[in-house]
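**Student:** One predicted model, sequence on top.
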Amino acid sequence: MLEESGGKGCCVRYVPHRFCERQDEPRVRGWIDRLNRALAREASRLGIEAVDVAGRVALYASPRASDDVDEAFETLVRMGHQLAKKESL
């Protein structure tokens, strides 16, 4: 989680585990940004959108009364894994 806004949503940046230690490398950073944009498009039905946080693409989830936060995160992770397999660095 990148930031929390007092119940007004939260920002996360999906980073595949294999790139955690390399995410500051320019080429990897760009790939992760593209991956997060694609993930935002795929997850838009969940109320997820791409936002800029400190110059990096992140995913913003705004709260809705009917949202199940755990389910939304699990869905993002599952979708992220699938997209990461399709996208090449």
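**Tutor:** Cool, the structure landed. Numbers count the residues shown, from 1 in each chain.
**Student:** Please make it C-alpha for all contacts and neighbour counts, starting now.
**Tutor:** OK.
**Student:** Run through who's touching stretch 26-42.
**Tutor:** For stretch 26-42, the surrounding residues in contact (Cα atoms under 8 Å, 6 or more residues apart in numbering) are 13-15, 19, 22-23, 48-50, 56-59, 76, 79-80, 83-84, 87, 89.
**Student:** Keep only those of the residues you listed that are in helices.
**Tutor:** Leu76, Met79, Gly80, Leu83, Ala84 (DSSP state H).
**Student:** what does the average pLDDT come to for the helix or strand hosting Arg37?
**Tutor:** Assigned by DSSP states H and E, Arg37 belongs to helix 26-42. The average pLDDT for helix 26-42 rounds to 95.
**Student:** For that helix, buried residues please.
**Tutor:** Within helix 26-42, the residues that count as buried by 16 or more other Cα atoms under 10 Å are 28-33, 35-40, 42.
**Student:** try stretch 71-87
**Tutor:** Of all the residues in stretch 71-87, those buried under the rule 16+ other Cα under 10 Å are Ala72, Leu76, Val77, Met79, Gly80, His81, Leu83, Ala84.
**Student:** in this protein, what secondary structure element scores lowest on mean pLDDT?
**Tutor:** strand 3-4 (a mean of 50; mean pLDDT, DSSP states H and E).
**Student:** Of the contacts of stretch 26-42, which belong to strands?
**Tutor:** With strands defined by DSSP state E, the entries of these inside them are Ile48, Glu49, Ala50, Arg56, Val57, Ala58, Leu59.
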